[in-house]
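Chemist: One predicted model, sequence on top.
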Amino acid sequence: MFGRKTLKGRRVAVLAADGVEKIELAAPVAALRAQGADVEIVSLHPGSIRAVNLHEAAGTIAIDRVLAEADAQHYDGLLIPGGYINPDLLRQSAQARRFVHAFDVARKPIATLCHGPWVLASANLTRGRTLTSWPGMRDDMVNAGANWLDREVVRDGNWVTSRGPQDMQPFVQAMCELFALDAPIPYGAARAAWSDPQRREPPPLVPAAMAIPRPSVRALLGLAVLGAGVVVAARRRQAATPPRPATTTTALSYKPAA
């Protein structure tokens, strides 16, 4: 169904804590596993963590490994899902900050969305980087030294970031493509030197979502399958299309200052 399993043999850590947004963990994890990746849920404590669907409880998620026993060297990539409670807990953990920092120092792939970039900021990794996040975090990211863009997906070297669940399909595609790369992932030559302005109004997603029921497991898996299918289609188009000059790519990256 998914074509060649490009992530077979890849080991991915999912760093999450209580209050994780369920769809932001379940859909990417389902897509990664569908393509053959070995995924482990890593958290601050053993047992399980509580998931949410916006402001409502959405069950629990079993933990595979406690953060104190996890080593970034043993993984090929890192996923940090969002929800505003989950990353707020993670950013207060010295172990979590060190874990994330180790991935970036090794130039290993890091994918995060929604409020997840809070953890990158608290790990002192965002200065000079280009990313996106939940729009309400725009000022947090700019104040942490990042260049913030209001786009569904932003790729900067070994990072892929998205704004939230509304961008899940392109996020899953970009995440899978990033995790298929071998570390260390080099910096590119281009860099955004500006940030998009603040929005004038909050997005309509939250008020509208308050009235809908929490997503079922079937719906989550369906979204992940759709995302994985998009990856396969994109790779087929790439194979049939001559490579374009590097200057035409939409990926954003940066080159560290000397």
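Modeler: Thanks, I have it.
Chemist: where do the strands sit along this protein?
Modeler: For the chain, the strands defined by DSSP state E cover 11-15, 20-21, 38-43, 48-53, 56-62, 65-66, 77-80, 110-113, 130-131, 147-148, 153-156, 159-162.
Chemist: rank the ones you listed by mean pLDDT and give me the bottom one.
Modeler: Ranked by mean pLDDT, those bottom out at strand 56-62, with a mean of 90.
Chemist: Show me what that one is packed against.
Modeler: In terms of contacts (3 or more Cβ pairs under 8 Å, 6 or more residues apart in numbering; DSSP states H and E), strand 56-62 is packed against helix 22-34, strand 48-53. In short, each C-beta sits where N, CA and C put it, glycine included.
Chemist: Residue 100 touches residue 120, doesn't it?
Modeler: Yes: using Cβ atoms under 8 Å, residue 100 is in contact with residue 120, at 6.6 Å.
Chemist: Touching both of these two, which residues are there?
Modeler: Common neighbours of residue 100 and residue 120 (criterion: Cβ atoms under 8 Å, 6 or more residues apart in numbering): 80, 110.
Chemist: got TSV for the strands of the chain, with distance to residue 104 and mean neighbour count too?
Modeler: Listed next are these as TSV, based on distance: least, Cβ to Cβ, whole Å; neighbours: other Cβ atoms under 10 Å:
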stretch	distance to residue 104	mean neighbour count
strand 11-15	13	23
strand 20-21	21	28
strand 38-43	16	20
strand 48-53	24	19
strand 56-62	25	14
strand 65-66	20	14
strand 77-80	9	27
strand 110-113	6	28
strand 130-131	12	28
strand 147-148	17	26
strand 153-156	11	24
strand 159-162	8	28
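Chemist: Out of those, which is closest to residue 194?
Modeler: strand 147-148 (6.4 Å; Cβ to Cβ).
Chemist: Mind listing residues that contact the closest one?
Modeler: By Cβ under 8 Å, 6+ apart, the residues outside strand 147-148 that reach it are 128-133, 138, 141-142, 191-196.
Chemist: Kindly supply the PyMOL command isolating those of these that are buried.
Modeler: To isolate the buried ones among the contacts of strand 147-148 in PyMOL, judged by 16 or more other Cβ atoms under 10 Å, type:
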select buried, resi 129+130+131+132+133+138+141+191+192+195
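Chemist: Bridged to the residue nearest to residue 171 when sequence neighbours are not counted, which residues?
Modeler: Closest residue in space to residue 171, ignoring its immediate chain neighbours: residue 162 at 3.8 Å, by Cβ to Cβ, 6 or more residues apart in numbering. On the basis of DSSP bridges, residue 162 takes part in beta bridges with residue 113, residue 153.
Chemist: ok, now which ones touch residue 162?
Modeler: By Cβ under 8 Å, 6+ apart, the neighbours of residue 162 are 113-114, 132, 152-154, 168, 170-171, 174.
Chemist: And residue 112, by the same measure?
Modeler: With contact taken as Cβ under 8 Å, 6+ apart, residue 112 is in contact with 79-82, 119-120, 159-161.
Chemist: ok, now residue 67?
Modeler: By Cβ under 8 Å, 6+ apart, residue 67 lies in contact with 15, 42-44, 93, 95-96, 99.
Chemist: same thing but 10 Å
Modeler: Listed by Cβ atoms under 10 Å, 6 or more residues apart in numbering, the contact partners of residue 67 are 13, 15, 17, 42-45, 90, 93, 95-96, 98-99.
Chemist: how long is stretch 53-72 from one end to the other?
Modeler: Stretch 53-72 stretches 29 Å from its first residue to its last (Cα to Cα, to the nearest Å).
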